[in-house]
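J.: Sharing a model that was predicted from the sequence below.
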Amino acid sequence: MRCPPAMRLHDFRADCAGNASLPFILSILPIIAGIGLSVDFGRALLLSSALQTAVDAAALAATGVSGDPEVKKSAADRIVLASLQIQPQTMMTLNPDGTVSYTATVDMPTLFSPFVTPSMTVTRAASAKATIAPSSGTPATPGSAARMDDSCIFSLGEDLEVTVDTMTFSGSPNAILTGCSLRSNKSIKCNGHDTGAQSYAVGSITGCSNPHPGEPYYPDIYAATAQNISPQCGAANGGVTWTMSGALPAVSANVIHVARSGYSEIHICGHLTLTGSGTISGDDPAQDTVIIVENGGVQFARGAVVTARRTTFVIAAPDASVTGVSPRFEFPNGGGNMATLNVTSSYGEDNPWRGMALYQSPSATANVDMTWKPGANVTLDGVVYFPNARLDLQGNISYGPRRCSKLVVGEFNLNGAVDLKQTAEGCNTLKVKQYYLAPIAGSPGTPASAGASAYLYR
């Protein structure tokens with residue numbers, strides 16, 4: 001017999017069994033919420049630390065970029081984006097005392113406590129001022145624990161995750177580094193050879209000697225030099241073959257000479273092929289030569305032996321109307337073919353390209369990767385700058401007579417040989433810029449933060 005509904009309700013209300021369930025459920029909810037909140041708070045602390053490192057580097061980078069405030073802020077924003085793979089809300093102020101103040105704010109969505117708070121806001125700020133280091137290359141602040149980027153090979157990997165190995169030593173490479181180190185803004189892997197050098201990376205380091213993972217992000221201080229490219233060719237791309245004879249090429253439809261104070265500037269419209277055996281402008285030129293290649297790249301012909309003293313080769317980004325351009329430095333590949341380049345960078349005091357040997361515009365992003373096979377032989381003094389390119393080196397690069405060699409590339413893979421060297425005297429002679437990460441004044445050994453300075457070779 002079934003009981004009437006009223007009786008069943010009375011029995012349910014009178015039953016004391018299980019009366020702890022409801023209080024338990026009510027009490028466990030805030031406990032779970034508290035645990036979730038603590039986990040998300042920990043994530044916010046980690047983000048805060050990473051954001052502080054990023055804004056430190058961004059403020060320092062902005063001080064080294066010439067141009068209006070928007071150009072400086074854009075450079076700073078790119079560094080934060082590259083460091084965190086997110087774009088926060090940012091604000092930059094140029095102060096009367098010459099410092100740059102930079103602030104970044106990130107709204108971090110919560111994962112474990114969305115019912116308590118949907119997001120957590122993290123804000124960090126930094127200010128910096130660029131100062132020129134003394135000619136000896138030592139920091140301008142006595143007693144501070146400033147750290148200079150003395151790398152002979154520096155991989156940027158700007159658009160890649162920090163876990164990506166943007167510098168690899170594969171097979172049985174031969175790497176000799178004297179007076180300099182390895183540095184990556186991402187990660188490094190050594191397979192078959194550990195180089196013997198100090199190795200620094202923002203991410204991980206695998207198999208390399210003297211590893212220093214988890215390093216601060218070092219900004220690209222060479223990108224702003226591209227502002228000195230003043231295009232002359234338009235869409236012209238007929239190209240030039242230049243046979244080495246110690247004389248600069250005459251003016252023609254594809255060769256434009258631009259008057260500059262203290263150095264020669266030559267624009268090549270289209271692909272530049274260097275051939276023969278000889279010098280660009282003599283064995284001991286009295287001034288610098290800057291060769292700017294528009295709408296093309298530079299090809300070293302089979303058997304070419306090119307000696308370039310006080311010279312900077314620049315590959316500009318192609319005109320938008322010219323398609324299919326390969327803005328690369330290319331050597332003959334395979335079949336026993338060889339070409340040799342002996343280059344010493346410009347170093348004239350009034351030359352904005354001083355310190356640069358081979359320069360690929362950061363605006364060139366398509367068809368920029370290079371493979372230099374065993375026939376490629378380069379003797380280098382100065383900076384090789386390929387910011388967006390992967391350089392697969394199967395040939396040989398060694399240091400030149402002034403002894404300041406530096407490769408700055410997007411990615412670097414060595415299957416060949418490098419024998420690179422830096423000395424303070426050599427780098428100062430060539431006016432090679434180096435980046436300093438300095439601590440807060442009066443606090444040696446602390447990370448860069450408010451009041452940090454970037455010191456550059458002048």
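T.: Nice, thanks for sending it over. Numbering: from 1, shown residues only.
J.: which intervals of this structure have sub-threshold pLDDT?
T.: Along the chain, segments meeting pLDDT under 70 span 1-29, 32-33, 36, 63-68, 82-85, 97-98, 128-147, 171-173, 192-194, 438-458.
J.: What strands flank the biggest strand by length in it, and is each parallel or antiparallel?
T.: In the chain, assigned by DSSP state E, the strand with the most residues is strand 376-393. Paired neighbours of strand 376-393 in the sheet (DSSP bridges): strand 339-344 (parallel), strand 356-360 (parallel), strand 370-372 (parallel), strand 396-399 (parallel), strand 405-414 (parallel).
J.: closest to Asp220 out of those?
T.: In terms of CB to CB, the element of the strands paired with strand 376-393 nearest to Asp220 is strand 405-414, at 7.5 Å. Heads up, the C-betas are built off the backbone N, CA and C, glycines and all.
J.: helix or strand right after that closest one?
T.: Later in the chain than strand 405-414, the nearest helix or strand by DSSP states H and E is strand 417-421.
J.: So what touches that following strand?
T.: Strand 417-421 is contacted by residues 152-153, 173-180, 380, 393, 395-399, 403-407 when judged by CB atoms under 8 Å, 6 or more residues apart in numbering.
J.: change it to 7 Å
T.: Here strand 417-421 makes contact (CB atoms under 7 Å, 6 or more residues apart in numbering) with 152, 173-180, 393, 396-399, 403, 405.
J.: What count of nearby residues applies to Ile229?
T.: By other CB atoms under 10 Å, the residues close to Ile229 number 19.
J.: returning to that earlier point: out of the contacts of strand 417-421, grab the one that's most surrounded.
T.: Ser405 (33 neighbours).
J.: what's that residue in contact with, if anything?
T.: For Ser405, the contact set (CB under 7 Å, 6+ apart) comprises Cys152, Leu380, Asp381, Tyr399, Leu420, Lys421, Gln422.
J.: would you turn these into TSV with distance to Gln434?
T.: Shown next, in TSV, are the contacts of Ser405 (distance: CB to CB, whole Å):
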residue	distance to Gln434
Cys152	11
Leu380	16
Asp381	15
Tyr399	16
Leu420	14
Lys421	14
Gln422	9
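J.: Pull the distance from stretch 209-219 to the chain's centre.
T.: Chain-centre distance of stretch 209-219: 13 Å, with CA atoms, centre = their mean, to the nearest Å.
J.: end to end, how far does that stretch reach?
T.: Terminal residues of stretch 209-219 are spaced 24 Å apart (CA to CA, to the nearest Å).
J.: Quickly note the distance from the closest residue in space to Asp369 that isn't next to it in sequence to Arg183.
T.: Using CB to CB, 6 or more residues apart in numbering and skipping residues adjacent in sequence, the residue nearest Asp369 is Arg390, 4.5 Å away. Going from Arg390 to Arg183 by CB to CB, to the nearest Å gives 17 Å.
J.: same question, Cys208
T.: 11 Å.
J.: Arg310 against Asp283, yeah?
T.: No. In this structure, Arg310 is not within contact of Asp283 by CB atoms under 7 Å, at 10.7 Å.
J.: between those two, who's got more neighbours?
T.: Shown here are Arg310 and Asp283; by other CB under 10 Å, Arg310 has more neighbours (26 against 9).
J.: List the contacts of the nearest residue to the more buried one once chain neighbours are set aside.
T.: Excluding the flanking residues, the one nearest Arg310 by CB to CB, 6+ apart is Asp288, at 4.6 Å. Counting by CB under 7 Å, 6+ apart, Asp288 touches Tyr263, Arg310, Ser346, Gly348, Asn351.
J.: Doesn't Glu265 belong to a helix?
T.: No. Per DSSP: H, G, I helix; E, B strand; the rest coil, Glu265 lies outside any helix segment and is strand.
J.: Distance-wise, check it relative to Lys373.
T.: For Glu265, the distance to Lys373 equals 32 Å [CB to CB].
J.: Neighbour count: these two, which is higher?
T.: Remark: of Glu265 and Lys373, Glu265 carries more neighbours, 21 against 18, as counted by other CB under 10 Å.
J.: That one contacts Ile256, doesn't it?
T.: No. The criterion here is CB under 7 Å, and Glu265 misses it with Ile256 at 9.0 Å.
J.: Centroid-nearest residue for the chain?
T.: The centroid of the chain falls nearest to Leu156 when counting by CA atoms, centre = their mean (3.3 Å).
J.: need the contact list for that one.
T.: Leu156 neighbours (CB under 7 Å, 6+ apart): Asn185, Asp220, Pro387, Val408, Gly410.
J.: Name the member of those with the most neighbours.
T.: Neighbour max across the contacts of Leu156 (other CB under 10 Å) = Asn185, 27 neighbours.
J.: just checking, that residue touches Tyr218?
T.: Yes. Between Asn185 and Tyr218 a contact is recorded at 6.4 Å, counting by CB under 7 Å.
J.: Specify the residue ranges that define each domain of this protein.
T.: Using automatic domain parsing, the domain ranges for the chain come out as 24-132, 220-434.
J.: Please compute how far the longest one lies from its chain's middle.
T.: The offset between the C-alpha centroid of domain 220-434 and the centroid of the whole chain comes to 18 Å, using CA atoms, centre = their mean.
J.: Pull up the distance across it, start to finish.
T.: Taking CA to CA, domain 220-434 runs 10 Å from one end to the other.
J.: for stretch 387-400, same thing?
T.: End-to-end span of stretch 387-400 (CA to CA): 22 Å.
J.: wouldn't Val39 be in contact with Phe112 here?
T.: Yes. The criterion here is CB under 7 Å, and Val39 meets it with Phe112 at 4.7 Å.
J.: what sits against Thr340?
T.: By CB under 7 Å, 6+ apart, the residues touching Thr340 are Val305, Val306, Asn377.
J.: wait, Trp242 sits on Leu272?
T.: Yes. The pair formed by Trp242 and Leu272 meets the contact definition of CB under 7 Å, at 6.5 Å.
J.: Is it possible to get TSV of the domains of the chain that adds distance to His212?
T.: Formatted as TSV, the domains of the chain follow (distance: least, CB to CB, whole Å):
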stretch	distance to His212
domain 24-132	15
domain 220-434	17
